[in-house]
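K.L.:
could you work out the structure for the sequence below:
(chains A, B, C and D)
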There are 2 protein chains.
Amino acid sequence: MMISSRGRYALRVMIDLAEHDDGAYIPMKEVAQRQDISLKYLEKILPQLVAAKLVEGQHGKGGGYRLTRAPENYPIGEILRLTEGDLAPVACLECGAEACKRTADCRTLPMWSELNRRINDYLDSVTIADLMK
Amino acid sequence: MMISSRGRYALRVMIDLAEHDDGAYIPMKEVAQRQDISLKYLEKILPQLVAAKLVEGQHGKGGGYRLTRAPENYPIGEILRLTEGDLAPVACLECGAEACKRTADCRTLPMWSELNRRINDYLDSVTIADLMK
DNA sequence: TAATTACCCACTAGATAGGTAGGTAATATA
DNA sequence: TATATTACCTACCTATCTAGTGGGTAATTA
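P.N.:
Just a heads-up that it's a prediction; the model follows:
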């Protein structure tokens, strides 16, 4: 399995924020209840989304989170690459991967590259707006 | 990351057997040396390939392994689904997965299904013959 | 000032990956 | 028949990762 709970939860939070967006901040407590996800666990994921400016957080009463873009401007691939670290199907295609010595005449590398391209292309062709009710 | 060493090694063994096929059995000791993979680890993978009749094994001197089909009749997807257990990108699409209660109106399930379809379709469109030198 | 909310840090149980060690069973050859 | 060779089997190990929990602090509003 390729996509962990972290990435799937991030996606569900973003969709939830999009579907309940009325301009106000939405506290994560509400999202956690609606989505039936541990609030504590979400609190570890959200700061990463804030740092990447996918959402903005506001402290205090009346605070919470809110999207920074229109839903159609969030490609799913962007959210997953951020939260999962990478979507590469094999280790040698991961971002910081050190070149393996077999790279030059590796029989399988071209196939992995093409698979990687297809996965990313598809996930970048879908947006949050496509997944809303 | 989605494809573990187990699946990648299985693939490299199959390609090695295909490239060195002269009708005789090829001992795994040779393959392990050529591919620079732990023989002990390969010995844990091969019985699974034998059980699925992807290769046949022969004991004793002059023994080893040999492909049971022509290289163009091995879709990569078949080998990987066997050795990896599953290629599903998310847990809820795995073979023995119990239905999650959100399935009915899950926003993300259709996307995961389509991704799953694309991954399997591509990997089934490539064969061992395509990966040989 | 009190309540609320984001955010930070440390810890943990369980699962999995990627092996290693030490054998036994089957087969060919001398 | 003896020996070497090879597949194949069982048990074990260690490091890493996942999906959390617990206990706070900082910022903001009412």
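K.L.:
what does chain A have sitting close to DNA strand C?
P.N.:
By the rule C-beta under 7 Å from any atom of the strand, the part of chain A lying against DNA strand C is A:25-29, A:40, A:43-44, A:46-47, A:50, A:57-65. Where C-beta positions appear, they are placed from N, C-alpha and C, glycine not excepted.
K.L.:
name the residue of chain A that lies nearest to DNA strand C.
P.N.:
Closest approach between chain A and DNA strand C, counting by C-beta to the nearest atom of the strand: A:Gly57, at 3.0 Å.
K.L.:
and that residue, which helix or strand is it part of?
P.N.:
Using DSSP states H and E, A:Gly57 sits within strand A:55-58.
K.L.:
surely A:Gly63 meets A:Ile26?
P.N.:
No - counting by C-beta atoms under 8 Å, A:Gly63 does not reach A:Ile26; the two are 9.4 Å apart.
K.L.:
which of the two has more residues huddled nearby?
P.N.:
Counted by other C-beta atoms under 10 Å in any protein chain shown, A:Gly63 and A:Ile26 do not tie: A:Ile26 has more neighbours, with 21 against 14.
K.L.:
what's the closest non-adjacent residue to that one?
P.N.:
Once flanking residues are discounted, A:Ile26 sits nearest to A:Gly64: 4.5 Å by C-beta to C-beta, 6 or more residues apart in numbering or on different chains.
K.L.:
any idea how far A:Arg12 is from B:Leu109?
P.N.:
11 Å (C-beta to C-beta, to the nearest Å).
K.L.:
overlap in contacts, those two.
P.N.:
The contact sets of A:Arg12 and B:Leu109 do not overlap (C-beta atoms under 8 Å, 6 or more residues apart in numbering or on different chains).
K.L.:
more crowded one of these two?
P.N.:
It is A:Arg12, of A:Arg12 and B:Leu109, that has more neighbours when counted by other C-beta under 10 Å, with 22 against 17.
K.L.:
please report how far that one lies from chain B.
P.N.:
Noted for A:Arg12: a distance of 7 Å to chain B, by C-beta to the nearest C-beta, to the nearest Å.
K.L.:
my guess is A:Val31 contacts A:Leu42. True?
P.N.:
Yes - using C-beta under 8 Å, A:Val31 is in contact with A:Leu42, at 7.0 Å.
K.L.:
mutual contacts of these two, please.
P.N.:
By C-beta under 8 Å, 6+ apart, the residues touching both A:Val31 and A:Leu42 are A:Val13.
K.L.:
neighbour count winner among those two?
P.N.:
Shown here are A:Val31 and A:Leu42; by other C-beta under 10 Å, A:Val31 has more neighbours (23 against 19).
K.L.:
contacts only, for the more buried one.
P.N.:
By C-beta under 8 Å, 6+ apart, A:Val31 lies in contact with A:13, A:16-17, A:37, A:42, A:65.
K.L.:
among these, who's most crowded?
P.N.:
Among the contacts of A:Val31, A:Val13 has more neighbours than the rest - 26 neighbours, counting by other C-beta under 10 Å.
K.L.:
part of a strand, is it?
P.N.:
No - counting by DSSP: H, G, I helix; E, B strand; the rest coil, one finds A:Val13 to be helix, located in no strand.
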